[in-house]
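K.L.:
can you look at this prediction? I've put the sequence above it.
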Amino acid sequence: MLGALSMIRSRVFVGFVAACLAMAAMAQDGTYYKWTDASGTVHFSATPPPGHKAETIKVKEASGSQAVPAQPLPPTQPTAELEQAQAAYRQRSCAAARSDLKVLEQGRLVVSGSNPDAATKLDAEQRAQAKVRATQRISQFCEAGAKP
(Lines give C-alpha, C1' and ligand atoms only; values in the text may rest on other atoms or scores of the structure.)
Protein backbone atom coordinates (compact mmCIF):
# COMPACT_ATOMS: atom_id res chain seq x y z
CA MET A 1 0.00 0.00 0.00
CA LEU A 2 2.75 2.44 0.95
CA GLY A 3 4.68 1.57 -2.20
CA ALA A 4 1.73 2.49 -4.40
CA LEU A 5 1.15 5.73 -2.49
CA SER A 6 4.81 6.61 -2.71
CA MET A 7 4.81 5.91 -6.46
CA ILE A 8 1.75 8.13 -6.96
CA ARG A 9 3.36 10.94 -4.96
CA SER A 10 6.57 10.66 -6.96
CA ARG A 11 4.65 10.77 -10.26
CA VAL A 12 2.72 13.84 -9.12
CA PHE A 13 5.96 15.50 -8.04
CA VAL A 14 7.65 14.69 -11.37
CA GLY A 15 4.64 16.07 -13.24
CA PHE A 16 4.71 19.24 -11.17
CA VAL A 17 8.43 19.74 -11.81
CA ALA A 18 7.96 19.10 -15.54
CA ALA A 19 5.14 21.65 -15.69
CA CYS A 20 7.26 24.23 -13.87
CA LEU A 21 10.18 23.63 -16.21
CA ALA A 22 7.92 23.90 -19.25
CA MET A 23 6.52 27.21 -18.00
CA ALA A 24 10.00 28.49 -17.22
CA ALA A 25 11.17 27.55 -20.71
CA MET A 26 8.25 29.43 -22.25
CA ALA A 27 8.71 32.47 -20.05
CA GLN A 28 9.69 35.55 -21.96
CA ASP A 29 8.60 39.16 -22.12
CA GLY A 30 4.93 39.40 -22.84
CA THR A 31 1.44 38.81 -21.60
CA TYR A 32 0.23 35.54 -20.16
CA TYR A 33 -3.12 34.41 -18.86
CA LYS A 34 -4.06 32.54 -15.70
CA TRP A 35 -7.43 30.88 -15.17
CA THR A 36 -9.08 28.13 -13.17
CA ASP A 37 -11.25 25.53 -14.87
CA ALA A 38 -14.45 23.96 -13.50
CA SER A 39 -12.53 21.22 -11.67
CA GLY A 40 -10.34 23.77 -9.86
CA THR A 41 -7.17 23.25 -11.92
CA VAL A 42 -5.14 26.41 -12.48
CA HIS A 43 -3.90 26.96 -16.05
CA PHE A 44 -1.34 29.35 -17.54
CA SER A 45 -1.00 30.09 -21.25
CA ALA A 46 0.23 32.65 -23.75
CA THR A 47 -3.25 32.89 -25.30
CA PRO A 48 -6.47 33.75 -23.51
CA PRO A 49 -8.75 30.79 -22.88
CA PRO A 50 -11.91 30.67 -24.96
CA GLY A 51 -15.01 31.01 -22.81
CA HIS A 52 -13.16 31.49 -19.51
CA LYS A 53 -12.47 34.58 -17.47
CA ALA A 54 -8.69 34.92 -17.14
CA GLU A 55 -6.30 37.05 -15.11
CA THR A 56 -3.71 38.88 -17.24
CA ILE A 57 -0.11 38.51 -16.14
CA LYS A 58 2.59 40.81 -17.52
CA VAL A 59 6.11 39.39 -17.63
CA LYS A 60 9.02 41.81 -17.77
CA GLU A 61 12.62 41.11 -18.71
CA ALA A 62 14.76 40.61 -15.61
CA SER A 63 17.89 42.22 -17.06
CA GLY A 64 19.29 43.33 -20.40
CA SER A 65 22.22 40.93 -20.38
CA GLN A 66 22.26 37.23 -20.98
CA ALA A 67 23.65 34.83 -18.44
CA VAL A 68 27.23 33.73 -18.93
CA PRO A 69 27.52 29.98 -19.40
CA ALA A 70 29.08 28.22 -16.44
CA GLN A 71 32.64 27.00 -16.86
CA PRO A 72 32.96 23.22 -16.79
CA LEU A 73 34.29 21.83 -13.53
CA PRO A 74 37.74 20.29 -13.60
CA PRO A 75 37.78 16.50 -13.45
CA THR A 76 38.02 15.17 -9.92
CA GLN A 77 39.69 12.05 -8.63
CA PRO A 78 37.32 9.38 -7.33
CA THR A 79 37.39 8.92 -3.57
CA ALA A 80 38.29 5.63 -1.93
CA GLU A 81 34.68 5.30 -0.77
CA LEU A 82 33.41 5.69 -4.35
CA GLU A 83 35.91 3.13 -5.65
CA GLN A 84 34.83 0.65 -2.95
CA ALA A 85 31.16 1.17 -3.83
CA GLN A 86 31.92 0.66 -7.54
CA ALA A 87 33.89 -2.52 -6.80
CA ALA A 88 31.01 -3.89 -4.69
CA TYR A 89 28.55 -3.03 -7.49
CA ARG A 90 30.73 -4.83 -10.04
CA GLN A 91 30.94 -7.91 -7.79
CA ARG A 92 27.16 -8.06 -7.29
CA SER A 93 26.53 -7.50 -11.01
CA CYS A 94 29.09 -10.16 -11.95
CA ALA A 95 27.55 -12.71 -9.58
CA ALA A 96 24.03 -11.95 -10.86
CA ALA A 97 25.11 -12.28 -14.51
CA ARG A 98 26.86 -15.61 -13.85
CA SER A 99 23.80 -16.88 -11.98
CA ASP A 100 21.50 -15.81 -14.83
CA LEU A 101 23.70 -17.58 -17.40
CA LYS A 102 23.74 -20.76 -15.27
CA VAL A 103 19.91 -20.77 -15.02
CA LEU A 104 19.59 -20.17 -18.77
CA GLU A 105 22.00 -22.99 -19.61
CA GLN A 106 20.09 -25.43 -17.39
CA GLY A 107 16.84 -24.76 -19.26
CA ARG A 108 14.99 -23.98 -16.03
CA LEU A 109 11.73 -22.04 -15.85
CA VAL A 110 12.31 -18.27 -16.00
CA VAL A 111 10.14 -15.72 -14.16
CA SER A 112 9.05 -12.93 -16.45
CA GLY A 113 8.99 -9.45 -14.89
CA SER A 114 8.20 -8.96 -11.23
CA ASN A 115 5.14 -11.24 -11.13
CA PRO A 116 5.96 -14.85 -10.10
CA ASP A 117 2.58 -15.94 -11.47
CA ALA A 118 3.77 -14.98 -14.96
CA ALA A 119 6.52 -17.65 -15.05
CA THR A 120 7.14 -18.77 -18.60
CA LYS A 121 9.58 -21.09 -20.29
CA LEU A 122 11.62 -19.27 -22.89
CA ASP A 123 11.67 -20.58 -26.43
CA ALA A 124 15.04 -21.36 -28.04
CA GLU A 125 15.46 -17.91 -29.62
CA GLN A 126 14.57 -16.01 -26.44
CA ARG A 127 16.90 -18.23 -24.40
CA ALA A 128 19.76 -17.64 -26.90
CA GLN A 129 19.22 -13.85 -26.74
CA ALA A 130 19.17 -13.94 -22.93
CA LYS A 131 22.40 -15.97 -22.91
CA VAL A 132 24.08 -13.38 -25.14
CA ARG A 133 22.98 -10.56 -22.80
CA ALA A 134 24.19 -12.48 -19.73
CA THR A 135 27.54 -13.16 -21.41
CA GLN A 136 27.88 -9.46 -22.26
CA ARG A 137 27.18 -8.55 -18.64
CA ILE A 138 29.77 -11.08 -17.47
CA SER A 139 32.41 -9.56 -19.74
CA GLN A 140 31.41 -6.07 -18.58
CA PHE A 141 31.40 -6.70 -14.82
CA CYS A 142 33.60 -9.74 -14.17
CA GLU A 143 36.77 -8.76 -16.00
CA ALA A 144 39.55 -7.22 -13.89
CA GLY A 145 39.39 -3.43 -13.89
CA ALA A 146 35.97 -3.31 -15.55
CA LYS A 147 34.08 -0.10 -14.93
CA PRO A 148 30.24 0.00 -14.62
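P.N.:
That came through fine.
K.L.:
mean confidence score for stretch 39-50?
P.N.:
Mean per-residue pLDDT for stretch 39-50: 79.
K.L.:
ranges for the helices of the protein?
P.N.:
Counting by DSSP state H, the chain has helices at residues 2-26, 80-106, 124-141.
K.L.:
A54 is nearest to which of those?
P.N.:
helix 2-26 (15.4 Å; Cβ to Cβ). Just so you know, the C-beta spots here come from the backbone N, C-alpha and C atoms, and that holds for glycine as well.
K.L.:
can I see the domain layout of the chain?
P.N.:
2-59, 80-141 (automatic domain parsing).
K.L.:
re the thing from before, could you dump the helices of the chain to TSV with mean pLDDT?
P.N.:
Converted to TSV, those look like this (pLDDT from 0 to 100):
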stretch	mean pLDDT
helix 2-26	64
helix 80-106	90
helix 124-141	90
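K.L.:
can those helices go into TSV with extra columns for distance to A54?
P.N.:
Shown next, in TSV, are these (distance: least, Cβ to Cβ, whole Å):
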stretch	distance to A54
helix 2-26	15
helix 80-106	52
helix 124-141	54
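K.L.:
nearest to E55, of the ones you listed?
P.N.:
Closest among the helices of the chain, once you apply Cβ to Cβ, is helix 2-26, at 15.1 Å.
K.L.:
related to what we said a few turns ago, who wins for proximity to K58 among the helices of the chain?
P.N.:
Judging these by Cβ to Cβ, what sits closest to K58 is helix 2-26, at 14.9 Å.
K.L.:
need the contact partners of the longest strand anywhere in the chain.
P.N.:
Across the chain, the longest stretch assigned as strand under DSSP state E is strand 30-36. By Cβ atoms under 8 Å, 6 or more residues apart in numbering, the list of residues contacting strand 30-36 from outside reads 42-49, 52-59.
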